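**Student:** take a look and give me a structure for this.
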Amino acid sequence: MAVSSLQGIVADAMLVVRPLRRALSMCLVLAMMLWAGAAVSQVGVPSPSASDAVTSVPAAPATPAAPTAPAAAQAELPPLATNEGRPPAPAAIERSNLPHDLSPWGMFMAADIVVKTVMIGLALASLAVWTVWLAKLLELITARAGLRRGLRALEAEPSLDAAAMHLTRRTAVARGMVGLARAEIELSEDVLGGAGLKERVASRLSGLDAALTRRMRRGMSLLATVGATAPFVGLFGTVWGIMNSFIGISKSQTTSLAVVAPGIAEALLATGIGLVAAIPAVILYNQLSRSIAIYRALVRETSDEVERLVSRDIDRRLANWPPAAALAKRG
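**Tutor:** Numbering: from 1, shown residues only. Next up is the predicted model:
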């Protein structure tokens, strides 16, 4: 019984193994056939073109499968840049359109006509300021030297007549004051004893003092005007240049610094020239004002010395002039 049962189990196992063996044999045969066909196609058959591959691919199902990880990574990579058919950048700027010379002269030549006019006007104003300063400085030096010489000569003389004999062209102001005083004395010869002679002489000398001061201050208004208005004129050129820069930005549709910087630099150059004209004008105006103040002080000292000589001459004449002679002269 045991032997027969064992034989039955073995028979059943053989019945199960035989179909499996046949299936494995068929799979091996099919695998060998597929491998041989692939080898023959790679060696003897040319590879199909891209269009044939696209047409030969069967229609995709309604729900496409998700791409594999390598395919997704390749899809995310940007396409390789090629020289053929590459579109230009939207904000590309040609180097030929950019200014190459950003020196002050180059920026002046590249500036707008309004900014150029402002720069030229400020440069001429600065030249005028320095010219006026040099001319007034030389005039003041010469005039103060003459006043000092005339003042020393008047202090050394006892009378107007003696002073008039020793004063020369190098002491023109002092000689002019002495001449005015002598002219007033001659006009008042019949009233030398009057108290108004000194006042009349002082009035004449005061008028000469005012005339000398006006002549010496001639041209100072130019320095004051340039010092007060040059920064604002330069600021006008700056505003105009920056406005042109913004217009260029809107036309080029780019905010690149290479496009904006030249126009702004030209505009700021106008402000710089305005400051170059204004700052020296203010400094030179103050320096000339101090020099003119010293000149006016010397003129007043000379005038006071002439008045002292007039008073001395009047007292001498009154002391040596008898009252009877004075009455006869009046009659």
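**Student:** from residue 234, how far off is residue 248?
**Tutor:** 21 Å (Cβ to Cβ, to the nearest Å). In short, each C-beta sits where N, CA and C put it, glycine included.
**Student:** where is the longest helix in the protein?
**Tutor:** helix 257-320 (DSSP state H).
**Student:** for residue 248 and residue 234, indicate the residue with more neighbours.
**Tutor:** residue 234 (27 against 14; other Cβ atoms under 10 Å).
**Student:** find the residue closest to that one in space, skipping its chain neighbours.
**Tutor:** Nearest non-adjacent residue to residue 234, counting by Cβ to Cβ, 6 or more residues apart in numbering: residue 274, 2.1 Å away.
**Student:** hang on, that neighbour packs against residue 235?
**Tutor:** Yes: proximity of residue 274 to residue 235 meets the contact threshold set by Cβ atoms under 8 Å, at 6.8 Å.
**Student:** ok, then the element right after the helix or strand containing residue 144?
**Tutor:** Using DSSP states H and E, residue 144 maps to helix 113-156. Once the chain leaves helix 113-156, the next helix or strand it forms, by DSSP H and E, is helix 160-166.
**Student:** can you tell me what sits against the very next helix or strand once past that following helix?
**Tutor:** Counting by DSSP H and E, the element after helix 160-166 in chain order, helix or strand, is helix 172-187. Here helix 172-187 makes contact (Cβ atoms under 8 Å, 6 or more residues apart in numbering) with 143, 146-147, 149-151, 153-154, 160-161, 163-164, 167-169, 192, 197, 200-201, 204-205, 208, 212, 299, 302-303, 306-307, 309-310, 313-314.
**Student:** make a PyMOL selection of the buried ones in those residues.
**Tutor:** Buried subset of the contacts of helix 172-187, written as a PyMOL selection, criterion 16 or more other Cβ atoms under 10 Å:
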select buried, resi 143+146+147+149+150+151+153+154+160+163+164+167+197+200+201+204+205+208+212+299+302+303+306+307+309+310+313+314
